[in-house]
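1. I'd like to go over a predicted model; first the sequence, then the structure.
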Amino acid sequence: AGTSSASGSDALNSCKCLAGYSGVSDGAACSSCDAGEYKAATGTGQCSTCPAGTSSASGSDALNSCKCLAGYSGVSDGAACSSCDAGEYKAATGTGQCSACPAGTSSASESNQSTDCKCVAGYSGTSDGVACSACEAGTYKST
């Protein structure tokens, strides 16, 4: 599995690992690259790890298969991605920017959904991920 050879090949060592698969020698079994790895070349060799803040599907055969994780932003597939700052989130994988949390809320860095945005001290709201309002005079909220 994970190998191919030219038509008319007459030797086992003519079988080479496909891109997206790694193996120790020609003619031997090949294994698909794990999620978070890729291998563009055919033949023997190891899979390469995707850049920081990215991942890929198992069996990926190109660097641009490495896409930003949710909670990370970047401008192109295959390039390192940066984690969303505190007070931001990004739910989708792939390229794109992080979104600011709604007013009166904040989130931890690397947040990957709007509901990670929670009311900050002195503010209250009906649910996570929506804008929060300042506490009324004479009331407070410490967390």
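-> Thanks, I have the structure now.
2. Residues touching stretch 64-79, excluding its own?
-> Here stretch 64-79 makes contact (Cβ atoms under 8 Å, 6 or more residues apart in numbering) with 36, 38, 50-51, 53-57, 60, 62-63, 80-84, 89-98, 110-113. Using the backbone N, CA and C atoms, a C-beta is placed for each residue, glycine as well.
3. hmm, try it at 6 Å
-> For stretch 64-79, the external contacting residues (Cβ atoms under 6 Å, 6 or more residues apart in numbering) are 38, 50-51, 53-56, 63, 81-84, 90-91, 93-95, 97-98, 110-112.
4. what do you get for stretch 110-124?
-> Against stretch 110-124 from outside (Cβ under 6 Å, 6+ apart): 70-71, 83-84, 89, 91, 101-102, 104-107, 125, 128-129, 132, 134-135, 141-142.
5. out of those residues, which are buried?
-> 70-71, 83-84, 89, 101-102, 104-107, 125, 128-129, 132 (16 or more other Cβ atoms under 10 Å).
6. Sort out which of the residues you listed are in strands and list them.
-> Counting by DSSP state E, these place 83, 89, 105, 106 in strands.
7. Apart from its neighbours in sequence, what residue is nearest the first one?
-> So that's residue 83. residue 110 (4.5 Å; Cβ to Cβ, 6 or more residues apart in numbering).
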